[in-house]
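Enquirer: Mind looking at a prediction? Sequence and model below.
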Amino acid sequence: ENKSQGKSPLKSNKKPNSPPRSKTRSKSRSQSRDRKATPKKSTKKSTTRQVKTSNDGNETIEKITSKSETTVSETRISRRLRNTIPEIKPLKDEDIFKKPPKISVVKKILSAVSFIFYHLKKIVATLFILAFLNAFMLYVQLNCKKGRNQCMVNNVPKLSSNVTTSFNWNVFGRYSLFVLLQAILCFIPIGRVVIGPNKLPYRSNGLFALIFSLSAIALLTYLKVPILIYQNHLIASISAAIFAILLSLFIYINHIAKPRAHKGHVLDDLVFGTQRNPRVFSLDLKTLVTYRVGHILACVNYLSYVLFDYQANKTFSAMNHPLLIAACMQFIYTFITFLLQEDLLHSSLTKDDKLSYFRVFHGLVFVPFILTLPGRFILEHAPEIHMPLPCAAGNILPFALGAFMYFKSNRQKAIFKKDSDHPNVAHLLKITGGRGDREVSYICSGLYGFIRHPNYFGDLLMHLSIALLTGTVSIIPYLPFFWLLGVSVCRIIRMEKHLGTRSPSSTTAWNQYKRQVPKRLLIKVF
């Protein structure tokens, strides 16, 4: 029969002579199958309804949500996690009203001594920085006087006890008006607006401010209006130092007046700065102090030296030619700086450094009154220098080399930061590390293939060329260059320390770049 139905006898489900299955046996098997079908562990929330009867006889239904219990024993991972959770013990009344442990007298004395020592250290460091900067300025200004053998290192400077010879409200007012004039010129709608650090707008009209200021000084001199810049250089430098302290106080008070401002130690915030780009309305004080006031006032000082020499000699042929060369070098240096003002906005000096008292002092006092010391020395000690015109003109070569390196390296770095595939920098070799926003690249060919900071080298070479015009009569005119050299070396070391600690991938790229270009500032030296 199975063959007739097309079925094989081996595949038949019925067994011959098998008794009928009992109901109890089939029921137990179905229960076991249902038990196997149920999940071993359920983490879903189950809701139940509970009926409660109140005293009035009304029934209320409440929803109770709870996690269903697991039917399987806990795993090792869940047991381990449960053991890591600290057990919270309920507080007792004895613990709540328990008195804190008494501090011994020795610990109180040690904490008081450490507190006093901490604040005393801050006070000493602040006073040392203020005293050192202003003492260096006074030493340079007082120790370089007009006359033979009056500008020597071993001379002891003497400050007059008469206050009128050291400070004059008229000179202080004129200096303050000059700074205010430069702040107003920043708002003149000449030059394009660029986006600088922190996505803030900047008006790049530094060349206009330079030309306007020099033209105004020349016009006032032609109209015989007393400018008295050269005659009162000591009073002007002291007025600038006082103005720098007042401006630092203003920046600090303006910072702490803001809501939610980060407030550290008072002396630290006052001397080392609190903000990277403090602003008054839309005026950036950092660019005003760093790139505007100091460089323009330095050119004004050199122009006053040249005009004073012209009034004394009356003819161009009788004028001091090394002074003219030094003045032209200073004008060219300032001109290049203002050509690069858009590129310098994205430098680490503008983006990362805070506007500290040292930065304010450098821009308002050091650049206009100390870096211009070689020009004043040439004017006052021309008979002692005895430098022929060919020797003076020979300093143009190192100055031209420094100007080329200063301009070219800053320009290449700015273009490379914006677009490393730009046609002007696409031919340069580079070392890349990191990914995404943390990707860093370093130029390892061209000027950056010889030393890691050719822009600093070019800056120093230009100032050294100006100082060489003073000859070998005294070392005092070289002190501003040595000061600038020390500041540049400290800044390079601090910058490279920051570059080497960004991220592991960028650190690897930085170490590879250091092996490729081993020297920072001078080949085979440093």
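Expert: Arrived safely, thanks for sending.

Enquirer: Tell me where the stretch 1-150 of the chain is predicted with low confidence.
Expert: Low-confidence segments of the stretch 1-150 of the chain (pLDDT under 70): 1-103, 147-150.

Enquirer: end-to-end on stretch 286-297?
Expert: Counting by CA to CA, to the nearest Å, you get 16 Å between the two ends of stretch 286-297.

Enquirer: So what touches it?
Expert: 178-179, 182-183, 186, 196, 202, 206, 209-210, 213, 247, 276-278, 334, 337-338, 341, 344-345, 349-350, 355, 359-360, 362-364, 366-368 (CB atoms under 8 Å, 6 or more residues apart in numbering). Every residue, glycine included, has its C-beta placed from N, CA and C.

Enquirer: show me the contacts for the closest residue in space to residue 446 that isn't next to it in sequence.
Expert: Among residues not flanking residue 446 along the chain, residue 428 sits closest, at 5.3 Å (CB to CB, 6 or more residues apart in numbering). Applying CB under 8 Å, 6+ apart to residue 428 gives the contacts 412, 416, 443, 444, 445, 446, 448.

Enquirer: now the contacts of stretch 286-297: which count as buried?
Expert: By neighbour count, with 16 or more other CB atoms under 10 Å, these hold 178-179, 182, 186, 196, 202, 206, 209-210, 213, 247, 277-278, 334, 337-338, 341, 344-345, 350, 355, 359-360, 362-364, 366-368 as buried.

Enquirer: Which of those residues fall within strands?
Expert: residue 202 (DSSP state E).

Enquirer: now the strands for the stretch 151-300 of the chain?
Expert: With DSSP state E, counting those that start in this stretch as the criterion, the stretch 151-300 of the chain has strands at 193-195, 201-203, 279-280, 283-284.

Enquirer: What count of nearby residues applies to residue 373?
Expert: For residue 373, the neighbour count with other CB atoms under 10 Å is 24.

Enquirer: returning to that earlier point: from the contacts of residue 428, pick the one nearest residue 121.
Expert: Relative to residue 121, the closest of the contacts of residue 428 is residue 448; by CB to CB it sits at 40.0 Å.

Enquirer: OK, contacts around the closest residue to the closest one other than its chain neighbours?
Expert: Computed as CB to CB, 6+ apart, the closest residue to residue 448 that is not its neighbour in sequence is residue 454, at 6.3 Å. Going by CB under 8 Å, 6+ apart, residue 454 touches 405, 408, 409, 447, 448.

Enquirer: again, only this time at 7 Å
Expert: 405, 409, 447, 448 (CB atoms under 7 Å, 6 or more residues apart in numbering).

Enquirer: likewise residue 171?
Expert: 232, 235, 236, 239 are the contacts of residue 171 under CB under 7 Å, 6+ apart.

Enquirer: Read off the pLDDT value for it.
Expert: Looking at residue 171, its pLDDT is 85.

Enquirer: do residue 357 as well
Expert: Residue 357 carries a pLDDT value of 86.

Enquirer: Residue 248 is in contact with that one, correct?
Expert: Yes: using CB atoms under 7 Å, residue 357 is in contact with residue 248, at 4.5 Å.

Enquirer: Between these two, which contacts overlap?
Expert: Common neighbours of residue 357 and residue 248, using CB under 7 Å, 6+ apart, are residue 270.

Enquirer: any idea which residue sits dead centre in this protein?
Expert: The chain has residue 352 as the residue nearest its centroid, 1.4 Å off, counting by CA atoms, centre = their mean.

Enquirer: all helices for the stretch 101-250 of the chain, in order.
Expert: Taking DSSP state H, counting those that start in this stretch as the criterion, the stretch 101-250 of the chain contains helices spanning 105-143, 169-185, 206-222, 233-256.

Enquirer: Those helices: which one's closest to residue 312?
Expert: Comparing those under CB to CB, the one sitting nearest is helix 206-222, at 13.4 Å.

Enquirer: average pLDDT for the closest one?
Expert: Rounded mean pLDDT across helix 206-222 is 87.

Enquirer: which residues touch it?
Expert: Helix 206-222 is contacted by residues 182, 185, 188, 190-191, 227, 291-292, 296, 299-300, 303, 307, 334, 338, 341 when judged by CB under 7 Å, 6+ apart.

Enquirer: Check those residues for the minimum pLDDT and say which it is.
Expert: Per-residue pLDDT puts residue 227 lowest of the contacts of helix 206-222, at 68.

Enquirer: and the gap between residue 309 and residue 317?
Expert: 12 Å (CB to CB, to the nearest Å).

Enquirer: try residue 156
Expert: Distance from residue 156 to residue 317, by CB to CB: 40 Å.

Enquirer: and what of residue 136?
Expert: 38 Å.

Enquirer: neighbour-wise, which of the two wins?
Expert: Under the neighbour definition other CB under 10 Å, residue 136 and residue 317 were set side by side, and residue 136 has more, 17 against 6.

Enquirer: What confidence value was assigned to residue 193?
Expert: Residue 193 is assigned 85 on the pLDDT scale.

Enquirer: does the closest residue to it other than its chain neighbours have beta-bridge partners, and which?
Expert: Closest residue to residue 193 apart from its sequence neighbours, by CB to CB, 6+ apart: residue 201 at 5.0 Å. On the basis of DSSP bridges, residue 201 is bridged to residue 195.

Enquirer: what's the burial count for residue 201?
Expert: With other CB under 10 Å as criterion, residue 201 counts 10.

Enquirer: wait, it sits on residue 187?
Expert: No: checked against CB under 7 Å, the pair residue 201 and residue 187 is beyond contact range at 11.5 Å.

Enquirer: SS state for residue 319?
Expert: coil (DSSP: H, G, I helix; E, B strand; the rest coil).

Enquirer: who's in contact with it?
Expert: Neighbours of residue 319 in contact, by CB under 7 Å, 6+ apart: 309, 310, 313.

Enquirer: Could you do residue 140 as well?
Expert: Neighbour list for residue 140: 370, 373, 476, 479 [criterion: CB under 7 Å, 6+ apart].

Enquirer: Next one: it from residue 186, what distance?
Expert: From residue 140 to residue 186 the distance is 30 Å (CB to CB).

Enquirer: try residue 304
Expert: With CB to CB as the criterion, residue 304 and residue 186 are 23 Å apart.

Enquirer: still on that earlier bit, let me have the contacts of residue 454 in JSON lines, adding pLDDT, distance to residue 433 and neighbour count as columns.
Expert: As requested, the contacts of residue 454 are exported to JSON lines (pLDDT from 0 to 100; distance: CB to CB, whole Å; neighbours: other CB atoms under 10 Å):
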{"residue": "405", "pLDDT": "91", "distance to residue 433": "26", "neighbour count": "22"}
{"residue": "409", "pLDDT": "89", "distance to residue 433": "21", "neighbour count": "22"}
{"residue": "447", "pLDDT": "86", "distance to residue 433": "21", "neighbour count": "19"}
{"residue": "448", "pLDDT": "85", "distance to residue 433": "16", "neighbour count": "23"}
